[in-house]
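Trainee: make a model of this:
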Amino acid sequence: MSVTRPRLLALVAVLVAPAVFADGTPDADNGKAVFAAKCGICHAVTNEPGGPIAGPNMVGLIGRKAGTQQDFAMYTPAMKAYGVKWTPKTLSDFLVNPLTKVPGTTMPMMLPDDNERADVIAYLGTLK
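Mentor: Numbers count the residues shown, from 1 in each chain. Have a look, this model is predicted:
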């Protein structure tokens, strides 16, 4: 096998991979990876003791009212006042740019990419 063939195969894999989910179906497994890379430093995804505590725990987030996780005491007044119930739609609106959506929140991480954001929200929906 020549050196060119592996490079060609790698290029084809890169170009074809996005087409796998081109039907618009969110990929919770990819969302888990994105979450780990971008969100996991602050947010826990298990009810086990320990883990990140700079942000509220994500277990059971879908369906919970913003700013109300009982075991998290560091909500800003802005987040407490936000008052929405977390649904895929409200999460998507928020995650595009949290600092703009809820001025005064301390969450700096944005997920502006539609597919990446949908994948993360699909993953969050698995955390029960």
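
Trainee: any idea how far V45 is from N97?
Mentor: With distances defined as CB to CB, to the nearest Å, the gap from V45 to N97 amounts to 23 Å. Glycine gets a C-beta too; all of them are placed from N, C-alpha and C.

Trainee: neighbour count for those two, which is higher?
Mentor: Between V45 and N97, counted using other CB atoms under 10 Å, V45 has the larger neighbour count: 20 against 14.

Trainee: what sits against that one?
Mentor: Residues in contact with V45, defined by CB atoms under 8 Å, 6 or more residues apart in numbering, are 35, 51, 57-59, 127.

Trainee: let's go with 7 Å and repeat that
Mentor: With CB atoms under 7 Å, 6 or more residues apart in numbering as the criterion, the residues that contact V45 are 58-59, 127.

Trainee: roughly how far does T105 sit from G125?
Mentor: Between T105 and G125 the distance is 22 Å, computed by CB to CB.

Trainee: repeat for P112
Mentor: Between P112 and G125 the distance, using CB to CB, works out to 20 Å.

Trainee: which one of these two is surrounded by more residues?
Mentor: Here P112 and G125 are set side by side on neighbour count (other CB under 10 Å), and the busier one is G125, at 17 against 9.

Trainee: surely that one meets I62?
Mentor: Yes. Using CB atoms under 7 Å, G125 and I62 qualify as a contacting pair, with a distance of 5.2 Å.

Trainee: hang on, the earlier thing: in a markdown table: the contacts of V45, plus distance to S92 and neighbour count.
Mentor: Rendered in a markdown table, the data for the contacts of V45 read as follows (distance: CB to CB, whole Å; neighbours: other CB atoms under 10 Å):
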| residue | distance to S92 | neighbour count |
| --- | --- | --- |
| M58 | 15 | 23 |
| V59 | 19 | 16 |
| L127 | 16 | 18 |
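
Trainee: can you tell me which of those is nearest R117?
Mentor: Distances from R117 to these, taken as CB to CB, are shortest for M58 (14.5 Å).

Trainee: tell me who's in contact with that closest one.
Mentor: Neighbour list for M58: 43-45, 124, 127 [criterion: CB under 7 Å, 6+ apart].

Trainee: please repeat the previous calculation with a cut-off of 6 Å.
Mentor: With contacts defined as CB atoms under 6 Å, 6 or more residues apart in numbering, the neighbours of M58 are 43, 45, 124, 127.
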